[in-house]
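In: predicted structure and sequence below. I'll ask about it afterward.
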Amino acid sequence: MITNRVERTQLALQISNLDALVLNPGPSLVYTSGLHFHLMERPVLIIFTKNQKPVIILPELEQQKLVDLPYIIQGFPYGENPDEWQQAFNNAISQLGLSDKLIGMEPRSLRMLEYGYLQAAARGAKFLDAGDVISSMRLVKDAEEVNAMRSAVRIAQIALQKTLPLIKIGMIEKEIASELTLQLLRSGSEPELAFSPIVSGGLNGANPHATPGLRQLQAGDLLVIDWGAVVDGYVSDLTRTFAIGSVDLEYQKIHQITQEANAAGRAAGKPGEPCANVDITAREVIIKAGYGEYFTHRTGHGIGLEGHEEPFMRGDNMQILQPGMTYTVEPGIYLPGRNGVRIEDDMVITETGSESLSDLPRELIVIG
């Protein structure tokens, strides 16, 4: 599979106007090369060109990662003295002949650290946004990728089910988030999660991206839990909202509306339809119920090696859905200073429609 992806990367360059593609540690480097590096003080950069074998600039201590790869890659290692690092970049760029060429990069990922060495080595080169080149390769998942996400969903659901019985009135959000993280690891998730769980009760639930804090759960709260697992680098991203004891009728109402919007959004995903339809269909449910101003974000985003990637479920995104695309459906209603609701599922486009990879109950369940 990795050898095929190396070849696909070179093919993507051949049909683009780029002479090379550079990637630093992150999901795209993993996807194209099968190599895993973390961002650190030492620069790492892989360079793909149209007709030459890939090249990687890396610390000497990381060279063992290049052993037994199923394809040929040339390493340009450097030692611990930062004064020597520029020469490794110079040698790699010189061998590939990339001065005065068009070099593609990922603006959301490439750091100034690697970019600075690149600019100094590739005199006269023009650096262009190659985000579309990469996203077009990663956009449609194969069966192996979908199965990894399916496993990540299963693990996430098991972890939450193990956590829920432990939640009581008076617990603080951080306690719940810590317990959920522990259960994710015990249930089989890789230790490097795509994101830390969001656990937000009451008025904190009105902030879609709240950070778990010291607030204690109170009777009458809605509790929003947004969490996910990772399997073979592929993520799951789910959200459910619970009632802490008896909650007001309006809070029950907005949960029911969000549940209906979630169902409508899940049903709207079909091959050949634009991403916009998913957002518009889910949003219409909330607008018609009179809460449109309280749904403050897009309906969903792509998932895969990243928690947020293409395609994006926005009302203005006319990108066409294709079998193998994976994304979230996560409508929400957020009442500032009061309570919030979000219900999120992970979806895959099939040949005839779409399938939800997640199946935890979406109804308002009372806990605590």
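Out: Cool, the structure landed.
In: how much space separates residue 322 from residue 203?
Out: 41 Å (C-beta to C-beta, to the nearest Å). No exception for glycine: its C-beta is placed from N, CA and C like everyone else's.
In: let me see the domain layout of this protein.
Out: 2-138, 143-367 (automatic domain parsing).
In: pLDDT averaged over the first one - what is it?
Out: Averaging the model's pLDDT scores along domain 2-138 yields 96.
In: quick revisit: and residue 322 and residue 203? which has more neighbours close in?
Out: It is residue 203, of residue 322 and residue 203, that has more neighbours when counted by other C-beta atoms under 10 Å, with 17 against 13.
In: list the contacts for the more buried one?
Out: 336-339 (C-beta atoms under 8 Å, 6 or more residues apart in numbering).
In: most neighbours, which of those residues?
Out: Busiest of the contacts of residue 203 [other C-beta under 10 Å] is residue 339, holding 28 neighbours.
In: give the contact list for the residue nearest to that one when sequence neighbours are not counted.
Out: Spatial nearest neighbour of residue 339, chain neighbours left out: residue 222 (4.4 Å); criterion: C-beta to C-beta, 6 or more residues apart in numbering. Residue 222 is in contact with 201-202, 205, 241-244, 247, 251, 255, 339-341, counting by C-beta under 8 Å, 6+ apart.
In: can you redo the residues you listed as TSV with pLDDT?
Out: Shown next, in TSV, are the contacts of residue 222 (pLDDT from 0 to 100):
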residue	pLDDT
201	98
202	97
205	98
241	98
242	98
243	98
244	98
247	97
251	98
255	98
339	97
340	98
341	98
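In: from those, pick the one nearest residue 186.
Out: residue 242 (21.2 Å; C-beta to C-beta).
In: pretty sure that closest one contacts residue 363?
Out: No. Residue 242 is beyond contact range of residue 363, at 10.1 Å (criterion: C-beta atoms under 8 Å).
In: more neighbours: which of these two?
Out: Counted by other C-beta under 10 Å, residue 242 and residue 363 do not tie: residue 242 has more neighbours, with 20 against 9.
In: now do the same contact list for that one.
Out: Contact partners of residue 242, counting by C-beta under 8 Å, 6+ apart, are 164, 167, 222-223, 225, 364-368.
In: likewise for residue 190?
Out: When contacts are counted by C-beta under 8 Å, 6+ apart, residue 190 touches 229-233.
In: okay, and which of those residues map to strands?
Out: Among the contacts of residue 190, the members found in strands (DSSP state E) are 230-231.
In: from the contacts of residue 190, which would you call buried?
Out: Neighbour counting by 16 or more other C-beta atoms under 10 Å classes 229-231, 233 among the contacts of residue 190 as buried.
In: what segments of the stretch 1-150 of the chain are helices?
Out: Under the criterion DSSP state H, counting those that start in this stretch, the stretch 1-150 of the chain contains helices at 2-14, 27-33, 85-96, 112-121, 131-138, 143-163.
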